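Undergrad: Generate a structure from the sequence data that follows.
(one chain, ligands or ions: 3)
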Amino acid sequence: MKCTVSRSALGALRAPALTVFVYEKSGPTAQNGQKSVATALRGLSETAAADGFRARAGDLFTLHQRGGKIADRILFAGLGSPKSVKLDDLRVAAAKAARQAEKLQQKHLALALPAVEGESAAAVAQAVTEGVILGTYRFRRYKTSAEERARLATVELVPADPADGRAVRGALSRAQALGEAVCFARDLVNEPAEHTTPTRLAEQAKSFAGRDGYTVTIHDKEDLERLGMGGILGVSRGSDQPPVFIEMRYTPPEKPSKTVALVGKGVTFDSGGLNLKNADGMLTMKDDMSGAANILGIFHALGKLKPTCAVIGLIPSAENMPSGKAYRPGDVLHMYSGSTVEVNNTDAEGRLLLADGLWYGHEQHPDEMIDMATLTGAARQALGDEISAVLGTDQALIDRLLAQTRRSGESLWQLPLEERYWDDFKSGVADMLNTGKAGGGTIKAALFLKRYVGDTPWAHLDIASTAFREKAKGYQAGGATGVMVRTILEYLAPGVSS
Ligand code: BES
Ligand code: ZN
Ligand code: ZN
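TA: Ligands and ions are numbered 1, 2, ... in the order given. Modelled structure (predicted):
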């Protein structure tokens, strides 16, 4: 999809399809300095209102008018009250309009950018573009019908004020970098586990190697054995797919403002191992490498967003399968940190491979470390499927991430990292067990990880309930969501509008 900023005023546009954002009770927001256009749009939106369009956030109304003055089809997208409109309402409204345009087999869609109180033209343009890119994403690789493949080819943003053209162009390329990063991550997750293997993730990482500022090192199985990464090796033992540990680095041209290590869970399929999951539990387990996919998506965009910090991306990756070679309940793993773990549940594999990744991250002495993982089913019990969990050792870092989500629209909620639960992990034969008793599973998993971050300021994002969704909603398609890619990218490389 090609995205451009219109140089012509709304009145001269003559687009086959135009999106106009409308506030509840106060009418269309796009004037573009032209009175006659404003009057025409007001008339049209009154027609829409007469047919039941109320312009609540998320409402959409399509008006056909062959040979119409401004456009043949106007897609009125509701924003609700001008007082309460948030950037995420813009993303959702733009996503709905773009999806409707695709349904109508349109190739071209113009969007008249609204003025939003308290938000810059750049922030508005960025949110609208993100909505279009994320909202029209679908995993189409295995769809054969032409209808499923209908796609918008070009999207044209019409600034509310022609003087904003420059800011809007900057925002558009930023939104494209962010949107592509998310879609890149989504594609990796949606691709069946048969294809997205640890080796495949390593190939993706290697494809970044030639870019400016990037270095990529793949630690293969032999390297893992030499390094003593017993967590990753243990989890991988039951699978025919060899494990890898991926290390990517992005270094800015100037002296880095700080170094951030990112660690992502890369379990390319989680059957549970010998503690086998049931049919329902296993159904979406190709998504268990969402944390890893996020880091690859983030690295995909770093060169474009040019953060001032250095970023280390670490992905311990393996497939968790049952077989005659699989690790068993009762086995003791020798972890990279030097500690030993008695495995009391082979389905709690994520923390085992993350432990090696985190300890390696800690050894690099970053200023802060953030991990992302589809770690516990308990995250859904605690927060449902719209909110990711954050826990960690550095409150300031957690607060910065929480603040970032208020702009990215991705919901995050902090859970307590309560040490009292550590009693659960007492083992009779090794330093610790890998699994605690039932209850508070998200907290207990994070407590386990905490043993492997040393004194590095650390935040852990549990995206188990949010990384994959059954049905499309807002600007998220059914399947992988790529949740937290935008939040982390905006955090690493803040834009002018954030
Ligand atoms: N990958 C799962 C967590 C998960 C569950 C992600 C549902 C997405 C949706 C993880 O490896 C796992 O199986 N965790 C266990 C831990 C338990 C054995 C302590 C769980 O959550 O049941
Ligand atoms: Zn598991
Ligand atoms: Zn898992």
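Undergrad: Could you use CA atoms for every contact and neighbour count after this?
TA: Noted.
Undergrad: hang on, Val260 packs against Asp371?
TA: No: under the criterion of Cα atoms under 8 Å, Val260 makes no contact with Asp371, lying 10.6 Å away.
Undergrad: who's more crowded, those two?
TA: For Val260 against Asp371, the residue with the higher neighbour count under other Cα atoms under 10 Å is Asp371, and the figures read 26 against 22.
Undergrad: residues in contact with the more buried one?
TA: Contacts for Asp371 (Cα atoms under 8 Å, 6 or more residues apart in numbering) come out as 262-265, 291, 458-461.
Undergrad: In the residues you listed, which residue is surrounded by the most others?
TA: Each of the contacts of Asp371 was scored by neighbours using other Cα under 10 Å; the highest score is Gly291's, at 33 neighbours.
Undergrad: Are we agreed that that one is in a helix?
TA: Yes: according to DSSP: H, G, I helix; E, B strand; the rest coil, Gly291 belongs to a helix.
Undergrad: my read: it touches Leu375, true?
TA: No: distance between Gly291 and Leu375: 9.4 Å, which falls outside the contact criterion (Cα under 8 Å).
Undergrad: Next, show the common contact partners of these two.
TA: A shared contact of Gly291 and Leu375, defined by Cα under 8 Å, 6+ apart, is any residue touching both; here these are 265, 463.
Undergrad: for the contacts of Asp371, which one is nearest ligand 1?
TA: Minimum separation from ligand 1 among these (Cα to the nearest ligand atom) is found for Lys265, which lies at 9.3 Å.
Undergrad: Contacts only, for the closest one.
TA: Listed by Cα under 8 Å, 6+ apart, the contact partners of Lys265 are 288-292, 315-317, 350, 353-354, 371-375.
Undergrad: residue contacts, the residue in the stretch 101-250 of the chain that ligand 1 sits nearest to?
TA: Distances between the stretch 101-250 of the chain and ligand 1 by Cα to the nearest ligand atom are smallest at Val235, namely 10.5 Å. With contacts taken as Cα under 8 Å, 6+ apart, Val235 has the following neighbours: 318-320, 326-327, 346, 349, 352-353.
Undergrad: Next to ligand 1, which bits of this protein? Give me the list.
TA: Applying Cα under 6 Å from any ligand atom, we find that the chain lies next to ligand 1 at 272, 288, 345, 347-350, 374-378, 435, 464-465.
Undergrad: and ligand 2, which of the residues you listed contact it?
TA: Contacts with ligand 2 within these, counted by Cα under 5 Å from the ion: 272, 347-348.
Undergrad: okay, the residues you listed in CSV with neighbour count next?
TA: Compiled in CSV, these are given as follows (neighbours: other Cα atoms under 10 Å):
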residue, neighbour count
Gly272, 22
Asp347, 23
Ala348, 22
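Undergrad: Which of these lies at the shortest distance from ligand 2?
TA: Of all those, ligand 2 sits closest to Asp347, with 3.5 Å by Cα to the ion.
Undergrad: So the closest one is in contact with Met282, correct?
TA: No: in this structure, Asp347 is not within contact of Met282 by Cα under 8 Å, at 10.9 Å.
Undergrad: Need the overlap of contacts for the two.
TA: Each of 270-272 lies in contact with both Asp347 and Met282 under the rule Cα under 8 Å, 6+ apart.
Undergrad: Can you add pLDDT and secondary structure and give those residues back as JSON lines?
TA: What follows is the shared contacts of Asp347 and Met282, written out as JSON lines (pLDDT from 0 to 100; DSSP: H, G, I helix; E, B strand; the rest coil):
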{"residue": "Asp270", "pLDDT": "99", "secondary structure": "strand"}
{"residue": "Ser271", "pLDDT": "98", "secondary structure": "coil"}
{"residue": "Gly272", "pLDDT": "98", "secondary structure": "coil"}
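Undergrad: quick one: contacts of stretch 48-55?
TA: The set of residues external to stretch 48-55 that reach it, using Cα under 8 Å, 6+ apart, is 22-25, 59-61, 63, 76-80.
Undergrad: Work out the gap between stretch 213-225 and the centre of the chain.
TA: Stretch 213-225 has its C-alpha centroid displaced from the chain centroid by 25 Å (Cα atoms, centre = their mean, to the nearest Å).
Undergrad: how long is it end to end?
TA: For stretch 213-225, the first-to-last residue distance is 29 Å (Cα to Cα, to the nearest Å).
Undergrad: In the stretch 1-150 of the chain, what residue spans correspond to helices?
TA: Ranges of helices in the stretch 1-150 of the chain, per DSSP state H, counting those that start in this stretch, are 35-50, 87-103, 121-135, 146-149.
Undergrad: which of these is buried the deepest?
TA: Each of the helices of the stretch 1-150 of the chain was scored by mean neighbour count; the highest is helix 121-135, a mean of 27, by mean count of other Cα atoms under 10 Å.
Undergrad: Remind me what that helix packs against, helices and strands.
TA: Based on contacts counted as 3 or more Cα pairs under 8 Å, 6 or more residues apart in numbering; DSSP states H and E, the elements that helix 121-135 packs against are helix 87-103, helix 165-190.
Undergrad: Using CSV, please lay out these together with distance to Arg149 and mean pLDDT.
TA: Supplementary listing: the helices and strands packed on helix 121-135 in CSV, determined by distance: least, Cα to Cα, whole Å; pLDDT from 0 to 100:
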stretch, distance to Arg149, mean pLDDT
helix 87-103, 9, 97
helix 165-190, 16, 97
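Undergrad: so where's the protein uncertain?
TA: The model of the chain has pLDDT under 70 over residues 30-34, 496-498.
Undergrad: Relative to ligand 2, which residue of the stretch 101-250 of the chain is the closest?
TA: Sorted by distance to ligand 2 under Cα to the ion, the residues of the stretch 101-250 of the chain start with Val235, at 9.9 Å.
Undergrad: From Ser317, how far off is that residue?
TA: Per Cα to Cα, Val235 is found 9 Å from Ser317.
Undergrad: Check Val124 too.
TA: For Val124, the distance to Ser317 equals 38 Å [Cα to Cα].
Undergrad: which parts of the stretch 151-300 of the chain sit against ligand 2?
TA: Those residues of the stretch 151-300 of the chain that sit near ligand 2, judged by Cα under 5 Å from the ion, are Gly272.
Undergrad: List only buried entries from the contacts of stretch 48-55.
TA: Under a neighbour-count criterion of 16 or more other Cα atoms under 10 Å, the subset of these counted as buried comprises 22-24, 59-61, 63, 76-80.
Undergrad: how about these in TSV, adding distance to Phe208?
TA: Conversion of the buried ones among the contacts of stretch 48-55 to TSV gives the following (distance: Cα to Cα, whole Å):
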residue	distance to Phe208
Val22	42
Tyr23	43
Glu24	46
Asp59	41
Leu60	40
Phe61	43
Leu63	45
Phe76	41
Ala77	39
Gly78	40
Leu79	39
Gly80	42
